[in-house]
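A.B. asks: Requesting a structural model of the entry that follows:
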Amino acid sequence: IDRQIELLQGRGLICADLEMVKRYLGAIGYYRLSAYWLPFEEVAANGQTRSKTFKDGTTFEDVLAIYIFDRKLRLHIMEAIERIEINV
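C.D. replies: Predicted structure coming up:
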């Protein structure tokens, strides 16, 4: 996890609270979170699919906020599907 944090910081991600970043990377995982930081990456050069560098000012908290929003949305959708299933 420490090497993952070094890699992210080297790409420009701001990680102010390292203990929090370690906790979330350990619980969620680097590759699962990687989908959520795609909107924060710089535009790739011609011929490349990703730049793998973050836009200036991007924080781990920015990425985490999108992950948490998505998680809550998924839970609400599953609850709605359960209600529909019971009523059907």
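A.B. asks: Give me the spatial nearest neighbour of Pro39, chain neighbours excluded.
C.D. replies: Excluding the flanking residues, the one nearest Pro39 by Cβ to Cβ, 6 or more residues apart in numbering is Ile66, at 7.4 Å. No exception for glycine: its C-beta is placed from N, CA and C like everyone else's.
A.B. asks: Please, which helix or strand holds the closest residue to Glu41 other than its chain neighbours?
C.D. replies: Spatial nearest neighbour of Glu41, chain neighbours left out: Ser51 (5.4 Å); criterion: Cβ to Cβ, 6+ apart. Using DSSP states H and E, Ser51 sits within no helix or strand.
A.B. asks: Might one say that Ser51 is in contact with Ala45?
C.D. replies: Yes - if you go by Cβ atoms under 8 Å, Ser51 and Ala45 touch, sitting 6.9 Å apart.
A.B. asks: Who has more neighbours out of these two?
C.D. replies: Neighbours per residue (other Cβ atoms under 10 Å) separate Ser51 from Ala45, with Ser51 holding more: 14 against 8.
A.B. asks: Quick check on that one: phi, psi?
C.D. replies: The phi/psi pair for Ser51 (degrees, to the nearest 10) reads phi -90, psi -30.
A.B. asks: ok so, going back, how about the residue nearest to Glu41, what does it touch?
C.D. replies: Listed by Cβ atoms under 8 Å, 6 or more residues apart in numbering, the contact set of Ser51 reads 41-45.
A.B. asks: among the residues you listed, which ones are buried?
C.D. replies: Glu41 (16 or more other Cβ atoms under 10 Å).
A.B. asks: And the contacts of Ser51, which is closest to Gln4?
C.D. replies: Lowest distance from Gln4 to those (Cβ to Cβ) belongs to Glu41, with 16.0 Å.
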